[in-house]
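Asker: Output the structure for:
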Amino acid sequence: MSTSLDEIQALIQKLSGELGDMSEAASRHIDDLHVAVNNIASHVLAMEAVIAVMATKVDVSEAEVQNWIREKTAAFAEDSSEGSAAESIATSLLAK
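Answerer: Residues are numbered from 1 along each chain as shown. Predicted structure coming up:
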């Protein structure tokens, strides 16, 4: 009977080690994802800055921008009567 308990204890220890390895791998993946999200956010912010400065120097029709956004997102819009986040951001970028 002690052999069975020893085997069970060995399996539990093995499982514990494997769970620890999985936890470490998940943590590394989360760290990698965090870096990727930060990189994307940095690129988006840089593009917003360039577009915002360009919009102060070039006449851009806010209505045309809003219509373009609505056309491109119509298939995904839940409620077309409400402005999307993209429309709000575009309005903000075009503010002079």
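Asker: from here on, contacts and neighbour counts on C-alpha atoms
Answerer: Fine.
Asker: Low-confidence ranges, this protein, go.
Answerer: Regions of the chain meeting the criterion pLDDT under 70 cover residues 1-2, 79-82, 96.
Asker: Tell me which stretches of it form helices.
Answerer: All helices of the chain, identified by DSSP state H, fall at 2-57, 62-73, 85-94.
Asker: helices or strands next to the first one in the packing?
Answerer: With contacts defined as 3 or more CA pairs under 8 Å, 6 or more residues apart in numbering; DSSP states H and E, helix 2-57 has these neighbours: helix 85-94.
Asker: Next: the shortest one.
Answerer: For helix 85-94, the packing partners by 3+ CA pairs under 8 Å, 6+ apart come out as helix 2-57, helix 62-73.
Asker: center of this protein - which residue?
Answerer: Of all residues in the chain, the one closest to the mean position by CA atoms, centre = their mean is Val37, 5.8 Å from it.
Asker: Nearest approach to Ala95 belongs to which of the helices and strands packed on helix 85-94?
Answerer: Closest of these to Ala95 is helix 2-57, at 8.1 Å (criterion: CA to CA).
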